[in-house]
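>>> quick one, structure for this:
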Amino acid sequence: AMGCPYQGEVPVADVAMAVRELMALGCYEVSIGDTIGVGTPVQVQQVLAACLQEAPAHQLAMHFHDTYGQALANLLAGLELGVTTIDASVAGLGGCPYASGASGNVSTEDVVYMLHGMGLHTGIDLDRLVDTSHWICQALNRKNQSRVALAMGSRVSQCVNNNNADNNRG
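The predicted structure is shown next:
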């Protein structure tokens, strides 16, 4: 909805028309996707504002990839318009096979950290989510794309290393 590897920029009116037609077909929810990760917050607000003319906020979802590092800012832009359903992926896994260079989905850990920092209750235990993130990346032999998981992982490693150093001194 924010950009296409084949046509380039997607007209806002086309996205709104697709939402209108999908709702008319009986869809209970339409996920607005930036699967190549080129969207910006202003663009997200323009697209979602047009979509909100066709469907209420509770019937829209946001699905953003983080190719250009804009996914969290884009989610915040959508949250400000009342869209609260977010697609995310542990460790930022996923991708877009038809768009060269596109990254995975926005990482669930990064989204949860942001939401908790905003004082929003998610019901998600971030520490356990980060543990799962590291586990799945190890099992898949993939690099973890979550900034939060990497920061928390390095903090845990640093604490372990500091404790070992302290123990070796005494």
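
>>> which residue packs closest to the residue most central in space within the chain, ignoring adjacent ones?
The residue lying closest to the centre of the chain (C-alpha atoms, centre = their mean) is Val106, at 2.7 Å. Using C-beta to C-beta, 6 or more residues apart in numbering and skipping the chain neighbours, the partner closest in space to Val106 is Ala71 (3.7 Å). No exception for glycine: its C-beta is placed from N, CA and C like everyone else's.

>>> could you give the number of residues near Arg147?
16 (other C-beta atoms under 10 Å).

>>> which residues does stretch 142-152 contact?
Outside of stretch 142-152, the residues within contact range by C-beta atoms under 8 Å, 6 or more residues apart in numbering are 66, 90-93, 103-104, 107-110, 112-113, 126-127, 130, 133-134, 137, 153.

>>> roughly how far apart are the residue nearest to Val106 and Ile36?
12 Å (C-beta to C-beta, to the nearest Å).

>>> rewinding a little: wouldn't the residue nearest to the centre of the chain be in contact with Ala73 here?
No. Val106 is not in contact with Ala73 according to C-beta atoms under 8 Å; the separation is 10.4 Å.

>>> in this protein, where is pLDDT below threshold?
Residues of the chain meeting the criterion pLDDT under 70: 96-101, 154-170.

>>> identify the residues contacting the closest residue to Gln70 other than its chain neighbours.
Closest residue in space to Gln70, ignoring its immediate chain neighbours: Thr40 at 5.7 Å, by C-beta to C-beta, 6+ apart. Thr40 makes contact with 2, 70, 73-74, according to C-beta under 8 Å, 6+ apart.

>>> repeat for Asn74
34, 39-41, 44, 62, 64.

>>> which among those residues end up buried?
34, 39, 41, 44, 62, 64 (16 or more other C-beta atoms under 10 Å).

>>> phi, psi for Arg142 please.
With angles defined as degrees, to the nearest 10, Arg142 sits at phi -120, psi 150.

>>> and it, how far from Glu54?
Taking C-beta to C-beta, one finds Arg142 at 37 Å from Glu54.

>>> so those two - more neighbours on which side?
Higher neighbour count among Arg142 and Glu54: Glu54, with 19 against 13, using other C-beta under 10 Å.

>>> ok, the more buried one touching Val15?
No. The criterion here is C-beta under 8 Å, and Glu54 misses it with Val15 at 9.3 Å.

>>> the protein: helices as residue ranges?
12-24, 41-51, 71-80, 108-117, 126-140, 147-169 (DSSP state H).
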